[in-house]
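**Student:** using only what follows, build the 3D model:
(one chain, ligands or ions: 4)
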Amino acid sequence: MNDFRADLHCHSTFSDGTCTPQELIELAIKLGLKGLSITDHDTTLAYTVALPYSQDRQFDLIPGIEFSASHEGESVHVLGYAFPPFHPQIIDLCAQHSLRRDFRNKEILKRLSSIGIPLTLEDVEQSSGSKLETIGRPHIANALVKRGYVSTIKDAFRLYLGEGKSAYVKGSAISVEKTLETLHAANGLAFIAHPHLIDNPRLKFQLLDMNFDGLEAYYGTFNREENERWVNIARKKGWLMSGGSDFHGDIKPNVSLGSSWVSQEHFDLLKQLYLKNIE
Ligand code: AMP
Ligand code: FE
Ligand code: FE
Ligand code: ZN
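**Tutor:** Ligands and ions are numbered 1, 2, ... in the order given. From the prediction side, this is the model:
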């Protein structure tokens, strides 16, 4: 019981991670994790392969997602768990995100081109070495590195792709409210992702007043004291707690799978809900 650790936040090749869902599950087993949720940005497609694979390996996997949302013009990440991954309303919101990304990616490439950096969607796919299901800024950043325009992904964000930079495009937004509504309609639970990273105090307060079920108290490489603050806030509100590494593989080499995790009581709660949801 005591050595139970489950990582509830990581990304696969179906979004901007560099490990396939099968590789994530194998890595989790190798590291001694007892549970996992793959939380790709705006897609549940990883579960087409991850669910059968986890069953074969008799490994506990709970469906999850990290939705990109927006509140008063600011970006907010919402983690969802324990819903049936191909619930029609989840699929529908993922499709809206896919359209949003297609439009935004084209705009980003137009801007890059206008400042003397010609890059096509084909270049972006080629640089990643595989067919991409979801294209996001990290993939464009990777292409900029591979083509020698910048030396690191961080630099690509710092110089071109980050908020307010020359090739930054906000794109259309999907609200936090709409995201919560969708997750709840699919019988899922919604958590504020990495509240540690929200700088704007007003946004923090507003989110804590919304219809979330919990927050991601244990995150990434944050230490015990920094997580403790969020544990206390969750307790005070009577909210659930989630936790995970936000592992992306080689794209974020300083973060390892299992660097943050939740204990069995938190994991079992999600697992019971998921099992009930697919009865
Ligand atoms: P997108 O969803 O296309 O807007 O891309 C957002 C993703 O880009 C985040 O989830 C991170 O994985 C990554 N990202 C954002 N800012 C940075 C940064 N400064 N350096 C590296 N990766 C970043
Ligand atoms: Fe990411
Ligand atoms: Fe995030
Ligand atoms: Zn993430």
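**Student:** in the protein, what residue comes closest to ligand 1?
**Tutor:** Gly136 (2.9 Å; CB to the nearest ligand atom). Where you see a C-beta, it was placed from the backbone N, CA and C, and this is true even at glycine.
**Student:** phi, psi of that residue?
**Tutor:** phi -130, psi -180 (degrees, to the nearest 10).
**Student:** and it, how far from Ile29?
**Tutor:** Distance, Gly136 to Ile29, using CB to CB, to the nearest Å: 28 Å.
**Student:** looking at those two now, which is surrounded by more residues?
**Tutor:** Neighbour totals were compared for Gly136 and Ile29, and Gly136 leads with 20 against 15 (other CB atoms under 10 Å).
**Student:** got the contact list for the closest residue to the more buried one other than its chain neighbours?
**Tutor:** In this structure, Gly136 finds its nearest non-sequential neighbour in Asp16, 5.2 Å apart by CB to CB, 6 or more residues apart in numbering. If you count contacts by CB atoms under 8 Å, 6 or more residues apart in numbering, Asp16 has them with His41, Thr134, Gly136, Pro138, His139, His248, Ile251.
**Student:** my read is Asp16 is in a strand, agree?
**Tutor:** No - under the criterion used here (DSSP: H, G, I helix; E, B strand; the rest coil), Asp16 is coil, not part of a strand.
**Student:** distance of it from Gly238?
**Tutor:** 33 Å.
**Student:** in the host helix or strand of Asn105, what's buried?
**Tutor:** If you go by DSSP states H and E, Asn105 is part of helix 88-114. Judged by neighbour count using 16 or more other CB atoms under 10 Å, the buried positions of helix 88-114 are Ile90, Leu93, Cys94, His97, Arg100, Arg101, Arg104, Asn105, Ile108, Leu109, Arg111, Leu112.
**Student:** what helices or strands is that helix leaning on?
**Tutor:** Helices and strands touching helix 88-114, as assessed by 3 or more CB pairs under 8 Å, 6 or more residues apart in numbering; DSSP states H and E, comprise strand 64-71, helix 121-128, helix 137-146, helix 176-185.
**Student:** give me the contact list for the second one.
**Tutor:** Okay, so that is helix 121-128. 105-106, 109, 131-132, 135, 139-140, 142-143, 145-147.
**Student:** mind giving me the ChimeraX select for those residues, buried ones only?
**Tutor:** Selection of the buried residues among the contacts of helix 121-128 in ChimeraX, burial being defined by 16+ other CB under 10 Å:
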select :105,109,132,135,139,140,142,143,145
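**Student:** in a markdown table: the contacts of Asp16, plus pLDDT.
**Tutor:** A markdown table is the format used below for the contacts of Asp16 (pLDDT from 0 to 100):
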| residue | pLDDT |
| --- | --- |
| His41 | 97 |
| Thr134 | 91 |
| Gly136 | 95 |
| Pro138 | 95 |
| His139 | 96 |
| His248 | 97 |
| Ile251 | 85 |
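**Student:** let's have those in TSV, adding distance to His9.
**Tutor:** TSV is the format used below for these (distance: CB to CB, whole Å):
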residue	distance to His9
His41	11
Thr134	16
Gly136	16
Pro138	16
His139	20
His248	10
Ile251	15
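**Student:** would you mind checking the residues you listed for buried ones?
**Tutor:** Applying 16+ other CB under 10 Å to the contacts of Asp16 flags His41, Thr134, Gly136, Pro138, His139, His248, Ile251 as buried.
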